[in-house]
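Enquirer: Predicted structure and sequence below. I'll ask about it afterward.
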Amino acid sequence: MEYLYSLDGISEEQLDSGFFDGWPNPPSRANFYRILQNSTYVWLAVDKDSNKVVGFINAISDKVLTAYIPLLEVIPEYQKQGIGSELVDRMLEQLKDYYMVDLLCDADLQGYYENRGMRVTTGMMKRNYNQQSGKAL
């Protein structure tokens, strides 16, 4: 597995189709690529044999004080191999100088992030599920 911190040399075609597993209305591959392009920080897991991106984490930041991690995804056939943990660890290391690093996750995932050095807290959210596939251009 190769871990990259930018999209340099990565094309839309290298994004495996297994991302957003279980989402009823996932982003298209083009919108997925735009998500990565528009992120402040990104880490990618690339399978050296297939040259496909099989995992990613992204962060959005003001580059001064705060960062937010909206997505961590590893395609199902690559899960349980430590890829997600490696991506989280690399992102948290990159963000270590920020005052505030936040993310939202389901309660059953809180222990996973606690093991990566994060704390459970409360928060608020709003979801527009009719826009789950992405904002139109």
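Expert: Cool, the structure landed. Residues are numbered from 1 along each chain as shown.
Enquirer: Okay, residue 126 and residue 120: tell me how far apart.
Expert: 21 Å (Cβ to Cβ, to the nearest Å). C-beta: built from backbone N, CA, C; applies to glycine.
Enquirer: Compare those two and say which is more crowded by neighbours.
Expert: A direct count of neighbours by other Cβ atoms under 10 Å for residue 126 and residue 120 places residue 120 higher, at 10 against 4.
Enquirer: Could you look up the SS state of that one?
Expert: Look at residue 120: counting by DSSP: H, G, I helix; E, B strand; the rest coil, its state is coil.
Enquirer: where's residue 52 relative to residue 91, distance?
Expert: 20 Å.
Enquirer: When those two are compared, which one has more neighbours?
Expert: A count of neighbours by other Cβ under 10 Å puts residue 91 above the other of residue 52 and residue 91, at 24 against 17.
Enquirer: and the more buried one, what pLDDT?
Expert: Note for residue 91: predicted pLDDT of 98.
Enquirer: just checking, it touches residue 41?
Expert: Yes: using Cβ atoms under 8 Å, residue 91 makes contact with residue 41 at a distance of 6.7 Å.
Enquirer: So for these two, which residues contact both of them?
Expert: Jointly contacting residue 91 and residue 41 under the rule Cβ atoms under 8 Å, 6 or more residues apart in numbering are residue 59.
Enquirer: Mind giving me the packing neighbours of the host helix or strand of residue 59?
Expert: Following DSSP states H and E, one finds residue 59 within strand 52-61. When contacts are defined as 3 or more Cβ pairs under 8 Å, 6 or more residues apart in numbering; DSSP states H and E, strand 52-61 sits against helix 29-38, strand 41-47, strand 66-74, helix 83-94.
Enquirer: Switch those over to JSON lines; also include distance to residue 108.
Expert: Shown next, in JSON lines, are the helices and strands packed on strand 52-61 (distance: least, Cβ to Cβ, whole Å):
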{"stretch": "helix 29-38", "distance to residue 108": "24"}
{"stretch": "strand 41-47", "distance to residue 108": "22"}
{"stretch": "strand 66-74", "distance to residue 108": "14"}
{"stretch": "helix 83-94", "distance to residue 108": "14"}
